[in-house]
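Visitor: One predicted model, sequence on top.
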Amino acid sequence: SPQERAAVYAMFAVVALEAMLNFSVPLYIQIVQGRSPLATAIAMMPFNLTVFFTAMLIVRFYTRLTPRQIGQYGFVLCTVALLWLAFVVRNDWSAGPVLIGLVLFGIGQGSLVTLLFNVLVTSSPKEAAGDVGSLRGTTNNLAAAVGTAVAGALLVGLLSAIMLGNIAASPKLTPELQAQVDLDSINFISNDRLQTVLAETTASPAQVAEAVRVNTESRLRALKIGLLIMSGLAFLSILPAGRLPNYHPGEIPED
């Protein structure tokens, strides 16, 4: 039915957005901030705990809000959270502002995952319960894979475009120096790794400092634009959420 298709589309969108965030934030923490994988796991813990508890507690609102309202509010929260993260990320670690964005996104994501599965279950006959579970698993796996791939391609593409533009605009990074560095495979690297690469070239200390500046600014700008694009995708996902059922659980017909 149209409502079931809307639930599947919305489920795909929210899981894909979660995968994109789970790719982008660790990339930001480990590469831009230069922190360890353990520090990254600790930094992501508030988000994961928020999703866990929200997924359990959202059922308390089913008697007061319809699935359509919860779905729309959930995607609005995800949109606001991604917009917030796009504006607060900095090259220096600021746990408080980033934590707010992760918690907001966790509330939206946790409420949506539980809600959308419940919509599929309640709109299907009992004998189709196995099919609903299979559909949910397939949708989640596909969305997670697509979200991660899109986030990687998006961020690396943005980084390449921004960095090449900044390199071309910098008079210190001469064509002779550029010829000594492989600019065909630009990726997110730490400043220490960049300095190691430039140590094998004829770059002067001033050129190394300029390259580090370009790398630092380009990484951060690519992440910010990437988060802004993700917030736009979350905003568009409000459309399928608007086609979810508009009834309270007690109003679900027995047939």
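Guide: Structure's in. What do you need?

Visitor: If you count residues, where's the longest helix of the chain?
Guide: Ranked by residue count under DSSP state H, the longest helix found in the chain is helix 129-169.

Visitor: what helices or strands is that helix leaning on?
Guide: Applying 3 or more Cβ pairs under 8 Å, 6 or more residues apart in numbering; DSSP states H and E, we find helix 129-169 packed against helix 2-27, helix 95-122, helix 205-236. C-beta: built from backbone N, CA, C; applies to glycine.

Visitor: Check which element follows the shortest one along the chain.
Guide: Same thing as helix 2-27. For helix 2-27, the following helix or strand on the C-terminal side (DSSP states H and E) is helix 37-57.

Visitor: give the contact list for residue 183.
Guide: Contacts for residue 183 (Cβ atoms under 8 Å, 6 or more residues apart in numbering) come out as 164, 167.

Visitor: go again using 6 Å as the cut-off
Guide: Not one residue lies near residue 183 by Cβ atoms under 6 Å, 6 or more residues apart in numbering.

Visitor: That one and residue 157: what is the separation?
Guide: 14 Å (Cβ to Cβ, to the nearest Å).

Visitor: go on, residue 68?
Guide: Shown here: residue 68 relative to residue 157, a distance of 35 Å by Cβ to Cβ.

Visitor: okay, the two: which has more neighbours?
Guide: Between residue 68 and residue 157, counting by other Cβ atoms under 10 Å, residue 68 is the more crowded of the two (19 against 13).

Visitor: buried sites along the helix or strand the more buried one falls within?
Guide: Assessed by DSSP H and E, residue 68 sits inside helix 67-88. Using 16 or more other Cβ atoms under 10 Å as the burial criterion, the residues of helix 67-88 that qualify are 67-86, 88.

Visitor: List the contacts of that helix.
Guide: 10, 97, 101, 104-105, 107-108, 111-112, 115, 119, 224, 227-228, 230-231, 234-235, 237-238, 241, 244-246.

Visitor: Tell me what angle that helix forms with helix 95-122.
Guide: 160 degrees (axes from the mean of the first three to the mean of the last three Cα atoms, to 10 degrees).

Visitor: what angle separates helix 67-88 from helix 205-236?
Guide: Using the same axes, to 10 degrees: helix 67-88 against helix 205-236 is 170 degrees.

Visitor: Let me see the contact set for residue 29.
Guide: 35, 40, 43.

Visitor: Name the nearest of those relative to residue 208.
Guide: Proximity of the contacts of residue 29 to residue 208 (Cβ to Cβ) peaks at residue 35, which lies at 23.2 Å.

Visitor: dump the residue contacts of that closest one.
Guide: The contact partners of residue 35, taken as Cβ under 6 Å, 6+ apart, are residue 29.

Visitor: so how far is residue 74 from it?
Guide: On the measure of Cβ to Cβ, residue 35 and residue 74 end up 30 Å apart.

Visitor: Extract the C-alpha set from the helix holding residue 68 and format it as CSV.
Guide: What follows is helix 67-88, C-alpha atoms only, in CSV (Å, rounded to 0.1, in the frame of the first residue of the first chain):
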residue,chain,number,x,y,z
PRO,A,67,2.8,7.7,13.3
ARG,A,68,2.7,10.5,10.8
GLN,A,69,3.4,13.2,13.4
ILE,A,70,6.2,11.1,15.0
GLY,A,71,7.8,10.5,11.6
GLN,A,72,7.7,14.1,10.6
TYR,A,73,9.0,15.3,14.0
GLY,A,74,11.8,12.7,13.9
PHE,A,75,13.1,13.9,10.5
VAL,A,76,12.8,17.5,11.6
LEU,A,77,15.1,16.6,14.6
CYS,A,78,17.5,14.9,12.3
THR,A,79,17.6,17.9,10.0
VAL,A,80,18.2,20.3,12.8
ALA,A,81,20.9,18.1,14.3
LEU,A,82,22.8,17.9,11.0
LEU,A,83,22.5,21.6,10.5
TRP,A,84,23.8,22.2,14.0
LEU,A,85,26.8,19.9,13.5
ALA,A,86,27.6,21.6,10.2
PHE,A,87,27.9,24.9,12.0
VAL,A,88,29.7,23.9,15.2
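
Visitor: I am finished for the moment; much appreciated.
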